Every structure is written in structure tokens, then in C-alpha cells.
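Colleague: pasting the sequence and the predicted coordinates here, then a few questions.
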Protein chains: 4
Amino acid sequence: MKKARHSDSLLFEPRNPDYANQVREAFEGQPMLRSLGVELFLIEPGYCELHLPYRQAISQNHGYFHGGAISTLADVSGGFAGWSLLPEGMWIVTVEYKTNIIAPGRGEKLIGRGRVVRSGRSLTTTEIEVLAVDRGQERLCATALQTLMAVEANPT
Amino acid sequence: MKKARHSDSLLFEPRNPDYANQVREAFEGQPMLRSLGVELFLIEPGYCELHLPYRQAISQNHGYFHGGAISTLADVSGGFAGWSLLPEGMWIVTVEYKTNIIAPGRGEKLIGRGRVVRSGRSLTTTEIEVLAVDRGQERLCATALQTLMAVEANPT
Amino acid sequence: MKKARHSDSLLFEPRNPDYANQVREAFEGQPMLRSLGVELFLIEPGYCELHLPYRQAISQNHGYFHGGAISTLADVSGGFAGWSLLPEGMWIVTVEYKTNIIAPGRGEKLIGRGRVVRSGRSLTTTEIEVLAVDRGQERLCATALQTLMAVEANPT
Amino acid sequence: MKKARHSDSLLFEPRNPDYANQVREAFEGQPMLRSLGVELFLIEPGYCELHLPYRQAISQNHGYFHGGAISTLADVSGGFAGWSLLPEGMWIVTVEYKTNIIAPGRGEKLIGRGRVVRSGRSLTTTEIEVLAVDRGQERLCATALQTLMAVEANPT
């Protein structure tokens, strides 16, 4: 199974030189990610890789990763990829996304890789793949396509 | 906001007279749903309503329901709606789904309503809406479109 | 098959009292729709119904309506539904949409019904169903979910 | 803009050694593609590239390629990519697909590139990109994600 799809990512210029900290803060501000056990593995301009170790608490009927864990990982991998290209003080919200579950989420870890396809002023498009790592072997588990929107940080 | 979309559901004949127990078992066999706190509220042939009370552990940066909780609820609401029409001993897996986040998941509870649009031999199509209940007021939070596939129960 | 889904549409206030003419002009400005033979049947605030009579020129291998005709009809039915709620002088572009093909496009006519689910300042969400009319019998052929964006009329 | 995404495609073994002719026949059997002017440029196992020269008859309000032409090209590029991996005598139907319109379809030609991500017994998943060629410059215009199903050739 091809794994290199994101390694040859588009090159993006971050609009905020401190983009990595901005994403890290956003990541740490989401209690749901801590509850699931998501780990921020790599953030680059327009790219984000997240890891999610297996726990029975996030499994489904066969003991594999639950689809909800898979799609949440897809959503936030794309979301933080988009977030890395935002000007300081802006936030990202998900407008919509679509996930194709390609194979069961079997194994000891999920890897989510989000990549920005297009970064516009208001809207950002990302592609995401989720890999399941089973005894060290990576296998494509899901592929997703996502639309994000930049918003002011405090839309209250 | 229109709430009646699913009340006038299509009428489906369940292929398993004990469909409600079959769904309940499938529901209880998914540890992820227990971790999130999802409650099975109503199951009818081709229809499923799930509730998800708010907890900080499943929130995002603004303290609202996390997108991952919203889309997981959408996924399983549609999934169990499809499951209710299966012959005994068959299982449902999600092939793909797409979620549009219409409004923030703000409030004390999410309600997921999945409805079968078409039930084929192999594939099932569902529509789902997720409502956020804020101080008793329901508001459309997300709408989703999903493809499910029936599989043998033990595909090992 | 349920047909009433859109009859009980949400009630929207048009921001342009002359919305019907605005949509008609937009419709007539699209040569592709004339090439296909699409007819504007009904436009209301937040709702649009288009018809597409069968011709062999828009068919596929079995002589049914081609999937491209079905999804184009879905796209523009939703697009004009959104357009009907725009302020004067604004235009709609499709950000993305997803179509589930439920049944073959068999028959003498396709009917596309687009309905606005949410109309925001920038983004609009619509749901669309496409019916195939076969010897007078309507049958659900496709269901779609769409994101639109309002833009200035002359973004050159 | 990255163009190489599909050049490093997954390697698939065709199940029908005469796959290229099988696809060509399917292509020629679709009157809608002739009406639009779609050209079969390249077919390989799990990969298909189609071209669509500009004509005013398939344009929208600004004179660019109509969204219906863009998404039809996406649909069939993915469809024939999947078709190339079928056993002899099987056919492909589109279950669903989602298209993100990234940029206007401006220029003298559209190029659709469909690539199989996963080829199962019943279901196939594809990714598609549509490029607009404007005075010789390629630009990503749309990206799509698609589910296909293999069926018997004559399901009448």
C-alpha cells in the first residue's frame, strides 16, 4: 500500500511564523482529543500528522478502532493542517468532510495525515488519510476530503 | 428550524422480527459509545434516535461538543437505522459518510436521528440529522449522508 | 417512496424581492443547461425544482440517464435554491457536493428538488433529491448534500 | 501546484488482460460522453485519464467550464479507473461521489485523473483530480472521492 502520498506535499508559506505553537495550543485546548488519547506527532505548514494508540475504550464490536475514532482523527488531522496556514489569531472550523472507510481499524495505532490541497482566504480544502498500524505494518484504513473555514478566534 | 423530517419516515418491514434486540446488542457491544456516553433512545424499522448528554470530556476549544462527537453520533445513528432492517445474524459496516456541520454543537445534549433512504441487498443509504439542544431549544447542528454495507457477522 | 420531503420546506425570507427573476437570469446564462435540456420548473425562496426530459444524447450504456446528467441536475437544483436567498447582485458558486446514486436514472424525465437547509452570510447548505419519472411513476434516483458560497457577481 | 500525485500510482494487476478494450467499449457506449466531447487519453490498471476540450456549449455564466462538466469528468475518470480492474464481463456503477470545486474551470481543456485507492470484490474506492489547463498551465480545479460497485453486465 502506498504510504508516500503526503511526503511530497505541496510547499506552503505559513502566514504565522509561530504556526507550530498556535496549532499546539489549539490541540491542547480540545478535551475530546485528550479523552481519546490523540497525540500531535508532526506539524508543518499545510501538513499535520496525529497518532492514536489503541485502547479498548475506543473500540467497536470486533475490538478494532471504532469508526468514530477513525473519523475524528481524520477530521482533526485535516483541521490542524489547515490551522497551520492561518494568520495569527484566526481559528479553523470544519464546514464538512467525507470519510471513506477502506479497511477495518485493526492494530495497535492509527496514524492520521492531513494535507492542505488549497488554502484560500476564507476556505481551505484538505485531504486526509488514516493508516492502521498492525504489528508494525501500515495499512490504509480511511481516506477523507474536507472543507474548512477560517473564523475570528472569539466568535461569541 | 424544521424538526419533523424524520417523523414522517418511510415505512419499512423489518426482516428480523427481533430487530430491536439485535440493534441493542450491537449498540452495547461498542465500548466507544459507552465512553462517549451515547444513549439508545428509539429504534424503529429504518430509524434510530440516539442521545448524547454534554460532558466537558467530549468538548472542543469553546466548550461546545467536539466535532468528533457530532460526527460519531451521526455515523452510528445512521448505522443502527440500517442495522434495524438486516436479516438475523448480519452486521452493518460504514462504507463512507459525509457530514456538514451547520452550527456549533452548543448545549446540554445532542440528538442524532438516522433514517434509511434505501435498503438494498448489499448497500443501504441513510440520511442523518444531529440536533443540539440548548436550554431545551433544538437546533440543527449537522446533516449527513451515509452508505452502509451488510456483512456476515463474523468476517474473521 | 416518500415524495413530500420538500413540500414542507423551511420558510425563508428572500433578501431580494425580485429573487425569481434573478434566478431565471442566472439559469438562462448557463449554456450547459440548455445543452442538456434542463427546464426551470419552480423557484421559491430556498427551494428550486428543475426538470430534465430524456434524450439519448445524455444517456449511458443501458440507455438510462447518464450519472453526469443526474449529478449536474442535483448540483444546479441546490445551487438555484441557494441563489434564491441571495441579496441582489450576489452570485452562488458550488464549494462541494456529494451525490448518492440510489437507483438507475430510468424513465422519461428527471426531477431535481433542491432545498436550503441553512443560509448563512457566506455559506449555504442544501439538500437535493433527484427523482426519475418512469411511465409517470416517480422514484428516488439520487440524494445529495451540498455547500455553496456567495460571491460578488463579477469576481474578475 | 503538484501534478505528480497519480504518476506514482499503486500497482494493480488487471483481472482481465484485455482491460483496455473493455474500458474503451464501455467508454464508447456512453452517448453522454460523446455529447460533452470527452476523450479517453490513457487507461492503465487502476488509472484513467480523460480530456475534455472547451466548448461554449458546456460553459456556465462566466464562460468557464460548467460545474456539471467538471463533476461528470471526475465521476467517469474514477469510474473507468475502477472498470480497468474488473473481471471480464463485469460492469461498474457509481454508488456515490463527492467533489470539491477548488478553482474555476477556466481554460482550453479539463484533464480528469482517476486512481483506484482500493479494489475490493464488490466495492472500489477511487480518488480523482480534475485539472484546468489555461494557456498551457495546469491548475487543480477539483478533487473528488468516489465509491464504485461491480455489477453483472446485464442486470435487466
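Modeller: Good, I have the coordinates. Numbering: from 1, shown residues only, chains lettered A, B, ... in the order given.

Colleague: OK, contacts around the residue nearest the centre of chain A?
Modeller: Nearest to the geometric centre of chain A sits residue A:77, at 0.6 Å (CA atoms, centre = their mean). Residue A:77 makes contact with A:48-50, A:112-114, A:128, A:130, according to CB atoms under 8 Å, 6 or more residues apart in numbering or on different chains. C-beta: built from backbone N, CA, C; applies to glycine.

Colleague: over to residue A:145?
Modeller: Per CB under 8 Å, 6+ apart, neighbours of residue A:145: A:97-98, A:125-128, C:96, D:98, D:100, D:143-145.

Colleague: from those, which is closest to chain B?
Modeller: Of all the contacts of residue A:145, chain B sits closest to residue A:98, with 3.6 Å by CB to the nearest CB.

Colleague: pLDDT score assigned to the closest one?
Modeller: pLDDT for residue A:98: 98.

Colleague: surely it is within a strand?
Modeller: Yes: Residue A:98: assigned to a strand according to DSSP: H, G, I helix; E, B strand; the rest coil.

Colleague: hang on, it packs against residue B:94?
Modeller: No: the criterion here is CB atoms under 8 Å, and residue A:98 misses it with residue B:94 at 11.7 Å.

Colleague: and those two? Which one has more around it.
Modeller: Set residue A:98 next to residue B:94 and count neighbours by other CB atoms under 10 Å in any protein chain shown: residue A:98 wins out with 28 against 23.

Colleague: I'd like the distance between that one and residue A:145.
Modeller: Distance of residue A:98 to residue A:145, computed by CB to CB, to the nearest Å: 5 Å.

Colleague: between these two, what contacts are shared?
Modeller: D:98, D:145.

Colleague: give me the neighbour count for the closest residue to residue A:57 other than its chain neighbours.
Modeller: Take residue A:57 and drop its neighbours on the chain: the residue closest to it by CB to CB, 6 or more residues apart in numbering or on different chains is residue B:35, 4.6 Å away. Look at residue B:35: counted by other CB under 10 Å, it has 20 neighbours.

Colleague: what secondary structure does residue B:35 sit in?
Modeller: helix.

Colleague: and the gap between it and residue A:98?
Modeller: Distance, residue B:35 to residue A:98, by CB to CB: 25 Å.

Colleague: please apply the same query to residue A:42.
Modeller: Using CB to CB, we find residue A:42 at a distance of 24 Å from residue A:98.

Colleague: quick check, nearest of the contacts of residue A:77 to residue D:55?
Modeller: residue A:128 (35.6 Å; CB to CB).

Colleague: could you give the number of residues near the closest one?
Modeller: 27.

Colleague: and the one helix or strand it maps to with chain B, contact?
Modeller: Using DSSP states H and E, residue A:128 falls within strand A:123-134. No: against chain B, strand A:123-134 shows no contacts by CB under 8 Å from any CB of the partner chain, the least distance being 12.8 Å.

Colleague: what mean pLDDT does that strand get?
Modeller: The model assigns strand A:123-134 a mean pLDDT of 98.

Colleague: which positions in stretch A:124-139 come out as buried?
Modeller: A:124-134, A:139 (16 or more other CB atoms under 10 Å in any protein chain shown).

Colleague: likewise stretch A:48-56?
Modeller: Using 16+ other CB under 10 Å as the test for burial, stretch A:48-56 gives A:48-52, A:54.

Colleague: please name the residues that touch residue A:31.
Modeller: Contacts for residue A:31 (CB under 8 Å, 6+ apart) come out as B:56-60, B:66.

Colleague: give me the pLDDT value at residue A:153.
Modeller: On pLDDT, residue A:153 comes in at 78.

Colleague: tell me, how many residues neighbour it?
Modeller: 13.

Colleague: residue A:83 now?
Modeller: Neighbour number of residue A:83 under other CB under 10 Å is 26.

Colleague: now do the contacts for it.
Modeller: By CB under 8 Å, 6+ apart, the contact list for residue A:83 reads A:19, A:22-23, A:26, A:48, A:91-92.

Colleague: same question for residue A:85.
Modeller: A:12, A:14-15, A:19, A:45-46, A:116, A:119, A:124.

Colleague: returning to that earlier point: any chance of a markdown table for the contacts of residue A:77, columns secondary structure and distance to residue A:71?
Modeller: Below are those laid out as a markdown table (DSSP: H, G, I helix; E, B strand; the rest coil; distance: CB to CB, whole Å):
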| residue | secondary structure | distance to residue A:71 |
| --- | --- | --- |
| A:48 | strand | 16 |
| A:49 | strand | 17 |
| A:50 | strand | 13 |
| A:112 | strand | 10 |
| A:113 | strand | 14 |
| A:114 | strand | 13 |
| A:128 | strand | 10 |
| A:130 | strand | 8 |
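
Colleague: so which of those comes closest to residue D:71?
Modeller: Closest approach between the contacts of residue A:77 and residue D:71, by CB to CB: residue A:128, at 21.0 Å.

Colleague: beta partners of the closest one?
Modeller: As for beta bridges, residue A:128 partners with residue A:114, residue A:144 under DSSP bridges.

Colleague: now do the contacts for it.
Modeller: Taking CB under 8 Å, 6+ apart, one finds A:74-75, A:77-78, A:81, A:97, A:112-115, A:142-146 in contact with residue A:128.
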